[in-house]
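Engineer: no FASTA, just this:
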């Protein structure tokens with residue numbers, strides 16, 4: 001019920017957020033301030049890496065709004081299909097600052113505000129850019145997880161309106177390294193992400209590209225200057241749920257590594273102590289092959305039939321491949337030797353060349369691969385009888 005209520009609240013909030021400009025644009029008063037709002041990660045998968053908004057507070061016009069590049073409409077025709085294929089339109093929406101904070105207070109997520117050190121012309125330039133960007137004909141864009149999201153868009157606002165530069169020089173961190181920093185308390189999310197995203201995530205991320213993460217954009221702004229002055233005037237904690245955040249980073253005991261090591265031990269027991277003619281054993285193997293085959297179809301579709309850059313060139317298909325579907329619907333005696341041998345060779349190659357494959361594998365993949373090799377060998381031996 002709590003999960004259902006959370007989804008309903010999210011829907012209502014998003015409905016309120018998806019509004020177009022309802023005010024006549026006027027020059028900002030001398031009291032106006034512009035801030036970057038950085039929100040801590042949440043417990044839902046979509047909020048794992050935080051969020052960014054831009055606040056325009058002008059007491060002189062009784063205006064206090066947040067420009068939010070993370071908006072989308074549930075009423076979009078074919079919403080789920082477009083979402084999965086990476087074709088869902090996101091857009092810039094606006095909301096009252098109080099409503100923005102209410103949502104993050106409800107989910108116990110901290111919000112940090114960086115007030116920008118701007119003169120009146122600089123403030124007006126950013127505000128005009130945002131208002132123009134929020135017009136119906138300009139506000140929509142194709143979301144990309146790494147390169148065009150709710151954090152990179154505000155970064156580009158600063159670059160295009162004020163000329164703030166972000167170095168495009170490679171660092172020692174890959175995109176995957178950056179994601180891992182936010183996943184220590186979410187081992188199953190970490191496992192799923194490493195399964196779905198491809199070798200693109202193992203490219204070195206420049207200072208420019210690190211800002212796809214809200215926390216890194218916040219950190220980057222602290223070191224920026226505009227002319228001779230610091231770009232950030234002050235930083236404050238508007239909502240403080242730091243204790244909740246610490247709990248989120250606590251590592252749980254129930255992890256993919258534990259589960260798959262236990263399954264590997266089960267496979268060892270089955271390999272040595274269970275009759276290979278057992279119908280129960282055959283059905284267990286078929287179930288495993290079916291799960292692998294269906295997973296491989298997902299990876300294949302995400303690579304070749306979506307616009308998600310992050311899921312391209314996925315080397316996990318080396319050991320999770322559609323051939324397992326053929327095994328799932330055949331008996332050991334009718335399975336072709338070549339199918340078993342090919343599957344074993346591909347899995348062994350993924351395991352042996354672990355360190356040279358241009359994609360970082362999750363450590364929990366190791367017991368899965370060993371388990372698969374034992375299972376494939378057992379089926380091959382059965383064919384020889």
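Structural biologist: Thanks, I have it. In this text the structure is predicted, and so the values were computed from the model without any measurement. Residues are numbered from 1 along each chain as shown.

Engineer: hang on, residue 326 packs against residue 342?
Structural biologist: No. Counting by CB atoms under 8 Å, residue 326 does not reach residue 342; the two are 10.5 Å apart. Every C-beta, even on glycine, is put in place using the N, C-alpha and C of the backbone.

Engineer: now the stretch 51-200 of the chain, which segments are flagged as low pLDDT?
Structural biologist: Along the stretch 51-200 of the chain, segments meeting pLDDT under 70 span 74, 79-84.

Engineer: partner residues bridging the residue nearest to residue 72 when sequence neighbours are not counted?
Structural biologist: Nearest non-adjacent residue to residue 72, counting by CB to CB, 6 or more residues apart in numbering: residue 90, 5.1 Å away. Per DSSP bridges, the residues bridged to residue 90 are residue 141.

Engineer: Residue 142 versus residue 90, what's the distance?
Structural biologist: 7 Å (CB to CB, to the nearest Å).

Engineer: who's more crowded, the two?
Structural biologist: residue 90 (20 against 11; other CB atoms under 10 Å).

Engineer: got the buried residues for whichever strand or helix holds residue 103?
Structural biologist: Here residue 103 is covered by helix 97-106, with elements defined by DSSP states H and E. In terms of neighbour count (16 or more other CB atoms under 10 Å), helix 97-106 has its buried residues at 97, 100, 101, 103, 104.

Engineer: got these as CSV, with distance to residue 249 columns?
Structural biologist: Below are these laid out as CSV (distance: CB to CB, whole Å):
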residue, distance to residue 249
97, 28
100, 24
101, 23
103, 22
104, 18
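
Engineer: got a list of what the nearest residue to residue 247 once chain neighbours are set aside touches?
Structural biologist: Nearest residue to residue 247 in three dimensions, chain neighbours excluded: residue 185, at 7.7 Å (CB to CB, 6+ apart). Contact partners of residue 185, counting by CB atoms under 8 Å, 6 or more residues apart in numbering, are 247, 248, 249, 250, 251, 252.

Engineer: 6 Å instead, please
Structural biologist: Taking CB atoms under 6 Å, 6 or more residues apart in numbering as the criterion, residue 185 is in contact with 248, 249, 250.

Engineer: and the most centrally placed residue in the chain, what are its phi and psi?
Structural biologist: For the chain, the residue nearest the mean C-alpha position is residue 145 (6.4 Å; CA atoms, centre = their mean). With angles defined as degrees, to the nearest 10, residue 145 sits at phi -60, psi -40.

Engineer: Check the gap between the residue nearest to it when sequence neighbours are not counted and residue 184 for me.
Structural biologist: For residue 145, ignoring the flanking residues on the chain, the nearest one in space by CB to CB, 6+ apart is residue 310 at 5.0 Å. Distance, residue 310 to residue 184, using CB to CB: 20 Å.

Engineer: of the two, who's got more company?
Structural biologist: residue 310 (21 against 13).
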